[in-house]
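Trainee: Starting from these lines, generate the structure:
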Amino acid sequence: TLLSILEGAGHNLAGTAWPVVIDAISSLSGDVTAYGDMDAAINRSGAEWSTCSMLGFRCLKLIVDDFLDHLPPPTESSSVGARTALLDCCSSFGKSRHDVNTSLTAIGLLWTIADQDPDPKSIDRALAKMVSLSSDSRTEVRNCSVNTLFSCIVGRGQRYSPSQWKAIICETVFGVFDHVSARGENDKSNPPEIPQSPKGGSGKSVNRYKVSIHHSRDSVGKQWATT
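Mentor: Got it, this is the predicted structure:
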């Protein structure tokens, strides 16, 4: 399997091979927006692909944890393709609906890449991915993305130039605020999504527990306001 190859020989992969490997992993994320032509692509967002998605995410985490130093350096032409593919892959798993914990971990991987990559353009791309995830419909994912985004900005603040700070404040910070505010206004009267219980033999949902939501979070708009 790909995971076994990476574990045994990942350090021997050539620089041009990394984008191909990472794109293959990204295709298992289940993110339907990752495909430009859904008619020609296999929809891997269904539950039957959940196990494959988890294995793919293990490959991604292995690359970020152990092989970032083996990616082509910024001075090589293949560096942009490999690092861009890696950020896209993290973003795809962040948007994946297979498992919310996978999405949260993928957001953390974006921070890891941004923190270890000296290339300012790569950092800007990582921040852009976090901005995109900050508008996710799942409260946990978008809150994690916003918190990670600001932690990344604060953690690397001393390295930013005045022009970078201007772009971060005007485009990133206020961009997130405007987008979240608009989404919250549009959805302010909608009830929040409540996970459905598994269906029993009769085909009806089996509700063993009654879920109560605090009045401060009993609508989608209020949850957006929290973000």
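Trainee: Report the buried residues of stretch 50-63.
Mentor: For stretch 50-63, a neighbour-count test (16 or more other CB atoms under 10 Å) marks 50, 53, 56-63 as buried. Bear in mind the C-beta positions are built from the backbone N, C-alpha and C, glycine included.
Trainee: just checking, Cys144 touches Ile107?
Mentor: Yes. Contact criterion CB atoms under 8 Å: Cys144 and Ile107 qualify, at 5.2 Å.
Trainee: More neighbours: which of the two?
Mentor: Set Cys144 next to Ile107 and count neighbours by other CB atoms under 10 Å: Ile107 wins out with 26 against 23.
Trainee: Which pLDDT value belongs to the more buried one?
Mentor: Reported pLDDT at Ile107 in the predicted model: 95.
Trainee: which stretch of helix or strand covers it?
Mentor: Per DSSP states H and E: Ile107 is located in helix 100-116.
Trainee: Figure out how far that helix is from the centre of its chain.
Mentor: Distance of helix 100-116 from its chain centroid, counting by CA atoms, centre = their mean, to the nearest Å, is 7 Å.
Trainee: Look up how far Cys144 lies from the residue nearest the centre of the chain.
Mentor: Closest residue to the average C-alpha location of the chain: Gly94 at 2.3 Å, with CA atoms, centre = their mean. Shown here: Gly94 relative to Cys144, a distance of 9 Å by CB to CB, to the nearest Å.
Trainee: what's the answer for Ile22, then?
Mentor: 22 Å.
Trainee: ok so Asn43 is a helix residue?
Mentor: No. Looking at Asn43 with DSSP: H, G, I helix; E, B strand; the rest coil, it is coil, so not inside a helix.
Trainee: For this structure, just list every one of the helices.
Mentor: Secondary structure of the chain (DSSP state H): helices at 2-9, 18-26, 50-66, 78-95, 100-116, 120-133, 139-155, 162-167, 174-186, 220-226.
Trainee: Looking at the ones you listed, spot the one closest to Pro72.
Mentor: helix 78-95 (4.1 Å; CB to CB).
Trainee: Check which helices and strands the closest one is in contact with.
Mentor: helix 18-26, helix 50-66, helix 100-116, helix 120-133 (3 or more CB pairs under 8 Å, 6 or more residues apart in numbering; DSSP states H and E).
Trainee: Next, the angle helix 2-9 makes with the shortest one.
Mentor: This points to helix 18-26. 140 degrees (axes from the mean of the first three to the mean of the last three CA atoms, to 10 degrees).
Trainee: starting at the chain centroid, how far to helix 18-26?
Mentor: 16 Å.
Trainee: tilt between it and helix 50-66?
Mentor: Taking the same axes, to 10 degrees, one finds that helix 18-26 is oriented at 140 degrees with respect to helix 50-66.
Trainee: Buried ones in helix 18-26, by neighbour count?
Mentor: For helix 18-26, by 16+ other CB under 10 Å, it's 18-19, 21-22, 25-26.
Trainee: which residues do Gly94 and Cys144 both contact?
Mentor: Each of 103, 107 lies in contact with both Gly94 and Cys144 under the rule CB atoms under 8 Å, 6 or more residues apart in numbering.
Trainee: Residue ranges in the chain under the pLDDT threshold?
Mentor: For the chain, applying pLDDT under 70 flags the ranges 33-42, 74-75, 77-79, 184-227.
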